[in-house]
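1. based on what follows, work out the 3D shape:
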Amino acid sequence: MTSTQAEIDVSYSVSNDFFKLWLDENMHYTCAVYERPDQSLEEAQENKARVLYDFAELSADKTVLDIGCGWGSMLDYCVRRGVKRAEGVTLSTAQAEWCFARKLPRTQIHICDYRDWKPAEKYGGLVSIEMIDHLCSPAQAREGKAIDIYRQYFNKLAEWVEPGAHFGFQAILTNRIPRKRQDLLDLQFTADVIFPGGRNPRVEELVAAVNPNWEIRELHMRREDYGRTTGEWLRRMRQHEAHIRQTWGDALFSDYERYLDTCVRGFAAHWSGDVQMKLRRI
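-> Next up, the predicted model:
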């Protein structure tokens, strides 16, 4: 991965207790899917997990790997709904500790770079949720390397399943560049301080990169869903402002408030988006 383990820990190992204050009860740190105006964040995150489980065409007799498994939220859904075995890979030490503490049945967690992972046998399906933004740095993208880097990822994952297997994939997107200087500074702050080493792909890069090993069977854009998701995260975090400032300091609260506010504005203004794809191994 382009993002190092140290950079991943900057993004995800701040404090499990901190993230627990404002994420949903199952600790999804990715775009939810709202199917009704009155749905809670918890319900919407279950919707997201259901969509990706279905995209991967999982079932009680299949194994699944979650690449970039976070706090194990998707793995939890998979074992609750039904899989033979679930595995996850992550570089975040704090997230891995949370996964271990869950003690999910039929589940294994591995702390490693996905490029170093060597499965014992091929999986029945794959899921990966907003992990690909850690693969290509802004500098590499400027050098024209983005599609090749993403293609290496999709080609590597294709080795882990048989032809005909499915992949539930989700990614944050770069859509367009804002025109105002402060907006540009806020986006740069988010990239440099909150998610160092990462860069959100463009949807056309992903469409090109899935070839030659994957076929896109379905594609859904979730920009509005992510705006609502980050807006709810921001609302919940602000409810705990005094506790966060007292426990982790003023800087952490200010940094995350700026980041989440930038996300809300970014999705509303089409700077950013989100995509879910159902991919089939050719």
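2. you'd agree Glu224 is up against Ser272?
-> No. Glu224 lies out of contact with Ser272 (Cβ atoms under 8 Å); the separation is 11.4 Å. Glycine gets a C-beta too; all of them are placed from N, C-alpha and C.
3. higher neighbour count, those two?
-> Neighbour comparison, Glu224 and Ser272: the larger count goes to Ser272, with 23 against 14 (by other Cβ atoms under 10 Å).
4. Val161 reaches Arg281, doesn't it?
-> Yes. Using Cβ under 8 Å, Val161 is in contact with Arg281, at 5.2 Å.
5. any stretches of the chain with poor pLDDT?
-> Within the chain, the set of residues satisfying pLDDT under 70 comprises 1-13.
6. and the next element down the chain from the strand or helix carrying Tyr259?
-> Tyr259 belongs to helix 250-268 when elements are defined using DSSP states H and E. Next in sequence after helix 250-268, counting helices and strands by DSSP H and E, comes strand 272-281.
7. spit out the residues that contact Val161 and Arg281 alike.
-> Each of Phe167 lies in contact with both Val161 and Arg281 under the rule Cβ atoms under 8 Å, 6 or more residues apart in numbering.
8. next up, phi/psi of Ala56, please.
-> Main-chain torsions, Ala56, degrees, to the nearest 10: phi -80, psi -10.
9. quick one: contacts for it?
-> Counting by Cβ under 8 Å, 6+ apart, Ala56 has contacts 64, 125-127, 166-168.
10. state the distance from it to Leu126.
-> 6 Å (Cβ to Cβ, to the nearest Å).
11. now do Met277
-> 12 Å.
12. can you check Arg245 too?
-> Counting by Cβ to Cβ, the gap from Arg245 to Leu126 is 40 Å.
13. just the helices in the stretch 1-150 of the chain please.
-> With DSSP state H, counting those that start in this stretch as the criterion, the stretch 1-150 of the chain has helices at 5-12, 16-20, 41-55, 73-81, 93-102, 138-142, 146-158.
14. could those helices go into TSV alongside distance to Cys263 and mean neighbour count?
-> Output for the helices of the stretch 1-150 of the chain, formatted as TSV (distance: least, Cβ to Cβ, whole Å; neighbours: other Cβ atoms under 10 Å):
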stretch	distance to Cys263	mean neighbour count
helix 5-12	14	18
helix 16-20	15	15
helix 41-55	14	20
helix 73-81	19	22
helix 93-102	20	18
helix 138-142	18	14
helix 146-158	21	18
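15. looking at those helices, which is closest to Leu184?
-> Checking the helices of the stretch 1-150 of the chain against Leu184 by Cβ to Cβ gives helix 138-142 as the closest, at 12.7 Å.
16. CA atoms of that closest one as CSV?
-> Output of helix 138-142 as CSV, limited to C-alpha atoms (Å, rounded to 0.1, in the frame of the first residue of the first chain):
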residue,chain,number,x,y,z
PRO,A,138,-1.6,12.4,-4.8
ALA,A,139,1.9,12.5,-6.1
GLN,A,140,1.5,9.2,-7.9
ALA,A,141,-1.8,10.3,-9.4
ARG,A,142,-0.1,13.5,-10.8
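17. how far is that helix from where the chain is centred?
-> Helix 138-142 has its C-alpha centroid displaced from the chain centroid by 20 Å (Cα atoms, centre = their mean, to the nearest Å).
18. please list the outside residues in contact with it.
-> With Cβ under 8 Å, 6+ apart, helix 138-142 has contacts from 2, 146, 149, 191, 199.
19. just to revisit the earlier point, between Arg245 and Leu126, tell me which one has more neighbours.
-> Leu126 (25 against 14).
20. partners of the more buried one in the sheet?
-> Leu65, Phe167 (DSSP bridges).
21. that one contacts Val161, doesn't it?
-> Yes. If you go by Cβ under 8 Å, Leu126 and Val161 touch, sitting 6.2 Å apart.
22. which neighbours do these two share?
-> Common neighbours of Leu126 and Val161 (Cβ under 8 Å, 6+ apart) are Phe167.
23. without its sequence neighbours, what residue ends up closest to Phe253?
-> Ile244 (4.6 Å; Cβ to Cβ, 6 or more residues apart in numbering).
24. for the one you found, what are its contacts?
-> Here Ile244 is in contact with 18, 21, 237, 252-253 (Cβ under 8 Å, 6+ apart).
25. now for Met277 and Leu126: what residues contact both?
-> Contacts common to Met277 and Leu126, judged by Cβ under 8 Å, 6+ apart, are 167, 169.
26. what subset of the contacts of Ile244 is buried?
-> 18, 237, 253 (16 or more other Cβ atoms under 10 Å).
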